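Chemist: have a look; sequence and predicted model below, questions after that.
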Amino acid sequence: MPDKPDLIRQLAELFRTYGYEGASIGIIVDKTGAGRSSLYHFFPGGKADMARAVLADIDQWFEAHIFTPLRHDPPETAIAHMFHAVTRYFHDGQRICLVGAFALDQTRDQFAAQVRGYFRDWQAALAQCLERGGLSPETAQERAIQMLAAIQGGIVLARATDDNAAFTAAIAPFTP
């Protein structure tokens, strides 16, 4: 039986593949190899608890690999690192942004606080970094939104066209 961290990683990929609604408990049991009792042991609230755990895991990864460096590293280094890390994390745009998918899915309201927090934290850390790099607060906020939109839009384009170059082209104007 997989342990909880392994289950969370497997659940993330199942939600990426099937969506929240499409990832039935039957599919989750079948694809993870975990029994229903094991799943409910780790996630007593069922599939909603599973999704919250996945979103928390994603948030922890982004906090460690994206947000903290943006808040503390020199701006040019932090931004270059951010683009390198998101390129790896999203597999050059071929791996969907699960938080973004939850924002667009019918389940949006159920996970709204976590979704908003993820994007709010990313935008704030990026804007703070851009301000440290010399931009005014207003310009830093605008640029942070543009950069996040380029990343998210690049993911959509790369997946829709099955062309990693679309992701690279979308983020190119912002990469150092």
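Modeler: Cool, the structure landed. Numbering: from 1, shown residues only.

Chemist: for the protein, which helix or strand comes out least confident on mean pLDDT?
Modeler: helix 98-104 (a mean of 87; mean pLDDT, DSSP states H and E).

Chemist: same for the helix or strand just after that one, what does it pack against?
Modeler: Next along the chain after helix 98-104, taking DSSP states H and E as the criterion, comes helix 112-132. Based on contacts counted as 3 or more Cβ pairs under 8 Å, 6 or more residues apart in numbering; DSSP states H and E, the elements that helix 112-132 packs against are helix 47-62, helix 68-72, helix 75-89, helix 98-104, helix 137-161. (C-beta placed from N, C-alpha, C; glycine too.)

Chemist: which parts of helix 112-132 are buried?
Modeler: 114-115, 118-119, 121-123, 125-132 (16 or more other Cβ atoms under 10 Å).

Chemist: with just CA atoms, put that helix into PDB.
Modeler: Provided in PDB are the C-alpha atoms of helix 112-132 (Å, rounded to 0.1, in the frame of the first residue of the first chain):
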ATOM      1  CA  ALA A 112     -11.700  28.800  -3.900                       C
ATOM      2  CA  ALA A 113      -9.700  29.700  -0.900                       C
ATOM      3  CA  GLN A 114      -6.800  27.400  -1.800                       C
ATOM      4  CA  VAL A 115      -6.800  28.400  -5.400                       C
ATOM      5  CA  ARG A 116      -7.000  32.200  -4.600                       C
ATOM      6  CA  GLY A 117      -4.200  31.800  -2.000                       C
ATOM      7  CA  TYR A 118      -1.900  30.000  -4.500                       C
ATOM      8  CA  PHE A 119      -2.200  32.700  -7.200                       C
ATOM      9  CA  ARG A 120      -2.300  35.600  -4.700                       C
ATOM     10  CA  ASP A 121       0.900  34.300  -3.000                       C
ATOM     11  CA  TRP A 122       2.600  33.900  -6.400                       C
ATOM     12  CA  GLN A 123       1.600  37.300  -7.600                       C
ATOM     13  CA  ALA A 124       2.600  39.000  -4.300                       C
ATOM     14  CA  ALA A 125       6.000  37.300  -4.200                       C
ATOM     15  CA  LEU A 126       6.700  38.100  -7.800                       C
ATOM     16  CA  ALA A 127       5.600  41.700  -7.500                       C
ATOM     17  CA  GLN A 128       7.800  42.100  -4.300                       C
ATOM     18  CA  CYS A 129      10.700  40.700  -6.300                       C
ATOM     19  CA  LEU A 130      10.100  43.100  -9.200                       C
ATOM     20  CA  GLU A 131       9.900  46.100  -6.800                       C
ATOM     21  CA  ARG A 132      13.200  45.100  -5.300                       C
END
